[in-house]
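Novice: Model the structure of this input:
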Amino acid sequence: MRMFVASPHAGGKYPGILCYSDIFQLSGPMLRACTRLAGYGFVIAAPEIYHRLEQLGAVIPFDDAGRTRGLEDASKTPVAHFDEDRRAALDYLARHPKVAPGKLGAMGFCIGGHLAFRAALEPDVRATVCFYGTGIHNGKLGQDADAGSLARAGEIPGKLLLVFGSQDPHVPAEGRDIVDRKLRESGVDYSIQLYPAEHAFMRDEGPRYDPEATDQAFGDMIALFRKVLTPA
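Specialist: The predicted structure is shown next:
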């Protein structure tokens, strides 16, 4: 599995963050988000989520044909493969010479938001941020009609932040309510931030990009990761 890895230039130990892309894999917007996060004092590892289907290094174009291709790749990937890859990536981060022991987190966009939610189920993941995660409310992920992610919410041991856009048709208000209610019932330590923005508002290409909401949401993520993961 090929991953993009970035870390602070200075020596020392830092928290390790597993970073999940949207359906377009490691595109320019994703790489910029990863390097920006690394600049705040984190070691990040971003896997190619379709490495079993696409050639290594493949970036799916941000157009209608690319969207279809990315969704088709998702539909061919069983959740068991995503789960296997997650564990491999977390184990890599745990062994990274710049990662502080016991300081692992996760984040992701769109389908990656759902993958990050599943990473939150891992006992060694202490903080997770899901940006407009699709399918969490109805269970749809990859090849599986119901991955059962939300049903397992009670297993989440760390802190969880979910960020949504109020104008996102993929996660409508009723979907957000389902997630909120289940997390509350499960006793999860979580918070939800809602911005007046569209789906994928943090992707810095295309008409849906909202730089102000992006900066605020990015700040939410940094605040959580620093509170939970930054070594004393």
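
Novice: going forward, measure contacts and count neighbours with C-alpha atoms only.
Specialist: Fine.

Novice: From the chain's centre, how far out is stretch 222-232? Work that out for me.
Specialist: Offset of stretch 222-232 from its chain centre (Cα atoms, centre = their mean, to the nearest Å): 17 Å.

Novice: What residues of that stretch count as buried?
Specialist: 222, 224, 225, 228, 229, 230 (16 or more other Cα atoms under 10 Å).

Novice: I'd like the average pLDDT over that stretch.
Specialist: For stretch 222-232, the mean per-residue pLDDT is 90.

Novice: Pick out the residue closest to the middle of this protein.
Specialist: residue 108 (1.4 Å; Cα atoms, centre = their mean).

Novice: Quick one: the buried residues of stretch 222-232 as TSV, columns for secondary structure and distance to residue 164 too.
Specialist: Supplementary listing: those in TSV, determined by DSSP: H, G, I helix; E, B strand; the rest coil; distance: Cα to Cα, whole Å:
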residue	secondary structure	distance to residue 164
222	helix	16
224	helix	16
225	helix	18
228	helix	21
229	helix	23
230	coil	25
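
Novice: picking up where we left off before, list the contacts of the residue nearest to the centre of the chain.
Specialist: Contact analysis of residue 108 by Cα atoms under 8 Å, 6 or more residues apart in numbering lists 19, 20, 21, 22, 114, 115, 116, 129, 130, 131, 133.

Novice: so what strands line up beside the helix or strand it falls within?
Specialist: Assigned by DSSP states H and E, residue 108 belongs to strand 99-109. In the sheet, strand 99-109 lines up against strand 14-20 (parallel), strand 125-131 (parallel) (DSSP bridges).

Novice: still on that earlier bit, just list whatever residues bridge to the residue nearest to the centre of the chain.
Specialist: Bridge pairing for residue 108 (DSSP bridges) gives the partners residue 20, residue 130.

Novice: In which helix or strand does residue 227 reside?
Specialist: Going by DSSP H and E, residue 227 is in helix 211-229.

Novice: Could you list the residues in contact with that helix?
Specialist: With Cα under 8 Å, 6+ apart, helix 211-229 has contacts from 15, 37, 40, 103-105, 126-127, 129, 159, 161, 163, 195-197, 201-202, 204.

Novice: repeat that with 7 Å
Specialist: 15, 103, 127, 129, 195, 201, 202 (Cα atoms under 7 Å, 6 or more residues apart in numbering).

Novice: Going by secondary structure, residue 74 is in what exactly?
Specialist: helix 64-75.

Novice: Run the chain-centre distance for that helix.
Specialist: Taking mean C-alpha positions (Cα atoms, centre = their mean), helix 64-75 and its chain are 18 Å apart.

Novice: now swap in stretch 44-56 and tell me
Specialist: Here stretch 44-56 shows a centroid-to-chain-centroid distance of 14 Å under the convention Cα atoms, centre = their mean.

Novice: residue boundaries of the strands in the chain?
Specialist: 3-6, 14-20, 43-47, 99-109, 125-131, 159-165, 189-195 (DSSP state E).

Novice: Just give the number of residues close to residue 215.
Specialist: Neighbours of residue 215 under the rule other Cα atoms under 10 Å: 12.

Novice: now do residue 221
Specialist: When neighbours are counted by other Cα under 10 Å, residue 221 registers 23.

Novice: For this protein, which residues score under the pLDDT cut-off?
Specialist: Along the chain, segments meeting pLDDT under 70 span 231-232.

Novice: returning to what we had before: buried set for the helix holding residue 74?
Specialist: 69, 70, 73, 74, 75.
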